[in-house]
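K.L.:
no FASTA, just this:
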DNA sequence: CGATACGTTGATCCATTTCAAGATTGGTGG
DNA sequence: CCACCAATCTTGAAATGGATCAACGTATCG
């Protein structure tokens, strides 16, 4: 039984608590996904206020959670493969934000009736689903901290450091860096700056030899400097073990 | 059977989904709390990294969740009576932030073994516990939005508007305002500004006739102006019905 | 090959920080 | 009851990070 047997959910909590799942539980989890879909380019997958009958797991690519205020887009969370994007919609029913694809994505749909079933019959798995929403909240808190305390350089460094580590969990990063199809506009939406200023910050970090972000690719030039600049301590990601980074 | 029969938990999800609980479930919930405790003044109730055997519900007063970075305090969440402060510690085990009392507080402790029991035997209540952590996450997202998009005036207005509504849910606010024992330093820690600037912003909002914050009391002078300034739309609080505000 | 999105640059303006000092308040012990 | 202390609040002046406005360069793609 290898990971390939769980094509849609094999990255769920990978590097976190996935090891605590039995093969049977992994199979049940995989069985949650009844249908997958692909999107390319910026595409609103789910709209704020929508009442959902299913939740969405990200299989490939990146999606953002977006809140609109006074005509501006604000990215309040980013998701990497393996993340349940809107599991909270199961309990909250209404979405309080949009879900937007970034680049090419593949997502899977898990009908709420099946989740319901799992909650009833699979206490261990149910715990994991809850756990994954709590990890989201922990990341939210870290974003709040970073927005309250860091300048634009630090915010970008923190964002890159976080994504690097999260992608490392799911084997999508190397010690060199990782692919990231975010525009500078989107980076600025996630850091609370203007895109003009973000452009200067991106250049500054490149010229300072910290990190190079260009052509959809992040190249980490100096990991230590990146972490320092972003006040990054990965404890809040609740990962097991050190960076893998091949 | 009145609310007085649940002295420690009667405000849990009050104004949100509490009505969906049966009297029996309310009694089970109340039974989670084995011990209560009081603290006065700024006091660190729980420390980051602590491994907890119990979770904490706030019965009276205010507590803040605090993350320290480069020597500064950052408030990443505020809690009002009825909130489970660290239910996430049940699943995450380690706390990723401190929990600090503000003014005089009373808290109740719910041992994890009892929560475990509830998860096993009370599916409806279990759903509510999860739900309450999802509400926390929704508030986190709104804070991220406010920090990304609003200037200091707006951030303070948003904070006040949110607390006003949350305290209204639990019958601790009136149309005039509510008690709030936060210092300007703490207000600034929650809005990501310096205390010096917060002082000027507090005065500005008072002189503009929007809201008066002084001597531990918030007096709302112009609710509409407050909501506009803070881009406040309470949908993310998932409340039932309109403001009660007597 | 023109359209359209994305990235880059410069100049100006303003919100906020920083540093520094003083005023007010509440609480405590003599 | 007063004197004193520490925390909190207040104010001013100078420095700055980032926003804003406006233009131009450069990919990319039907």
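P.N.:
Nice, I can see it. All values reported here derive from a predicted model rather than from experimental measurement.
K.L.:
what's near enough to touch the closest residue to residue A:142 other than its chain neighbours?
P.N.:
The shortest distance from residue A:142 to any non-neighbouring residue, by CB to CB, 6 or more residues apart in numbering or on different chains, is to residue A:236 (4.8 Å). For glycine as for every other residue, the C-beta is placed from the backbone atoms N, C-alpha and C. Residue A:236 makes contact with A:138, A:139, A:141, A:142, B:96 under the criterion CB atoms under 8 Å, 6 or more residues apart in numbering or on different chains.
K.L.:
export the residues you listed to JSON lines and tack on distance to DNA strand D?
P.N.:
Shown next, in JSON lines, are the contacts of residue A:236 (distance: CB to the nearest atom of the strand, whole Å):
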{"residue": "A:138", "distance to DNA strand D": "24"}
{"residue": "A:139", "distance to DNA strand D": "21"}
{"residue": "A:141", "distance to DNA strand D": "20"}
{"residue": "A:142", "distance to DNA strand D": "18"}
{"residue": "B:96", "distance to DNA strand D": "24"}
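K.L.:
so which residue is dead centre in chain A?
P.N.:
Centroid-nearest residue in chain A: residue A:79, 2.0 Å away (criterion: CA atoms, centre = their mean).
K.L.:
could you list the domains of chain A?
P.N.:
Per automatic domain parsing, the domain ranges recorded for chain A read A:3-134, A:150-237.
K.L.:
output those in CSV, with mean pLDDT appended to each entry.
P.N.:
Formatted as CSV, the domains of chain A follow (pLDDT from 0 to 100):
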stretch, mean pLDDT
domain A:3-134, 93
domain A:150-237, 95
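K.L.:
okay, those domains in a markdown table with distance to residue B:182 next?
P.N.:
Below are the domains of chain A laid out as a markdown table (distance: least, CB to CB, whole Å):
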| stretch | distance to residue B:182 |
| --- | --- |
| domain A:3-134 | 24 |
| domain A:150-237 | 23 |
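K.L.:
about what we covered before: ok, the residue nearest to the centre of chain A - contacts?
P.N.:
A:58, A:62, A:63, A:64, A:65, A:85.
K.L.:
what angle do the lengthiest helix in chain A and helix B:123-149 make?
P.N.:
Ranked by number of residues, the top helix in chain A under DSSP state H is helix A:123-149. On the basis of axes from the mean of the first three to the mean of the last three CA atoms, to 10 degrees, helix A:123-149 is oriented at 20 degrees to helix B:123-149.
K.L.:
quick one: is helix A:123-149 near DNA strand C?
P.N.:
No: Helix A:123-149 stays clear of DNA strand C (CB under 7 Å from any atom of the strand), getting no nearer than 8.9 Å.
K.L.:
could you check the angle the following helix or strand past that helix makes with helix A:123-149?
P.N.:
Going down the chain from helix A:123-149, the next helix or strand is helix A:152-169, by DSSP states H and E. If you take the same axes, to 10 degrees, helix A:152-169 sits at 160 degrees to helix A:123-149.
K.L.:
helix A:152-169 vs DNA strand D: in contact?
P.N.:
Yes: shown here: helix A:152-169 in contact with DNA strand D (CB under 7 Å from any atom of the strand) through A:152, A:153.
K.L.:
and the next helix or strand past that helix?
P.N.:
Heading C-terminal from helix A:152-169 (DSSP H and E), you reach strand A:177-179.
K.L.:
you'd agree residue A:209 is up against residue A:221?
P.N.:
Yes: contact criterion CB atoms under 8 Å: residue A:209 and residue A:221 qualify, at 5.0 Å.
K.L.:
when these two are compared, which one has more neighbours?
P.N.:
residue A:221 (15 against 10; other CB atoms under 10 Å in any protein chain shown).
K.L.:
ok, back up a step: quick one: the residue nearest to residue A:142 and residue A:9, what's the gap?
P.N.:
Per CB to CB, to the nearest Å, residue A:236 is found 24 Å from residue A:9.
K.L.:
okay, now residue A:11: neighbour count?
P.N.:
So residue A:11, with other CB under 10 Å, has 23 neighbours.
K.L.:
which ones are touching it?
P.N.:
A:59, A:81, A:82, A:170, A:171.
K.L.:
just the buried positions in the longest helix of chain A, please.
P.N.:
A:125-149 (16 or more other CB atoms under 10 Å in any protein chain shown).
K.L.:
likewise stretch A:209-220?
P.N.:
Residues A:210, A:211, A:212, A:213, A:218, A:220 are the ones in stretch A:209-220 that count as buried (16+ other CB under 10 Å).
K.L.:
I'd like to know how far residue A:147 sits from residue B:192.
P.N.:
Residue A:147 is 6 Å from residue B:192, by CB to CB.
K.L.:
need the overlap of contacts for those two.
P.N.:
With CB under 8 Å, 6+ apart, residue A:147 and residue B:192 have common neighbours residue B:147.
K.L.:
all helices of chain A, in order?
P.N.:
A:23-32, A:88-92, A:112-121, A:123-149, A:152-169, A:184-191, A:195-207, A:223-229.
K.L.:
run the angle between the longest one and helix B:184-191 for me.
P.N.:
Regarding helix A:123-149 and helix B:184-191, their directions subtend 120 degrees when assessed with the same axes, to 10 degrees.
K.L.:
starting at the chain centroid, how far to helix A:123-149?
P.N.:
11 Å (CA atoms, centre = their mean, to the nearest Å).
K.L.:
out of the contacts of residue A:236, which is nearest to residue A:102?
P.N.:
residue A:139 (16.8 Å; CB to CB).
K.L.:
give me the pLDDT for the closest one.
P.N.:
According to the per-residue confidence, residue A:139 scores 97 in pLDDT.
K.L.:
that one contacts residue A:83, correct?
P.N.:
No: between residue A:139 and residue A:83 no contact is recorded; they are 10.0 Å apart, counting by CB under 8 Å.
K.L.:
for chain A, what lies in contact range of DNA strand D?
P.N.:
Looking at DNA strand D, the residues of chain A close enough under CB under 7 Å from any atom of the strand are A:151, A:152, A:153, A:192, A:193, A:194, A:196, A:197, A:201, A:215.
K.L.:
against residue A:193, how distant is the first one?
P.N.:
Meaning residue A:151. Distance from residue A:151 to residue A:193, by CB to CB: 9 Å.
K.L.:
name the residue in the two with the higher neighbour count.
P.N.:
Between residue A:151 and residue A:193, counting by other CB under 10 Å, residue A:193 is the more crowded of the two (20 against 12).
K.L.:
OK, contacts around the more buried one?
P.N.:
A:152, A:155, A:201.
K.L.:
how far does the lengthiest strand in chain A sit from the chain's center?
P.N.:
Ranked by residue count and defined by DSSP state E, the top strand of chain A is strand A:54-69. Distance of strand A:54-69 from the chain centroid (CA atoms, centre = their mean) equals 8 Å.
K.L.:
between it and helix A:112-121, how many degrees?
P.N.:
Using the same axes, to 10 degrees: strand A:54-69 against helix A:112-121 is 110 degrees.
K.L.:
please point out which parts of strand A:54-69 sit buried.
P.N.:
Quick answer for strand A:54-69 (16+ other CB under 10 Å): A:54-67, A:69.
K.L.:
other SSEs contacting it?
P.N.:
strand A:43-46, strand A:72-79, strand A:98-111, helix A:112-121, helix A:184-191, helix B:123-149 (3 or more CB pairs under 8 Å, 6 or more residues apart in numbering or on different chains; DSSP states H and E).
K.L.:
next, count neighbours for residue A:71.
P.N.:
5.
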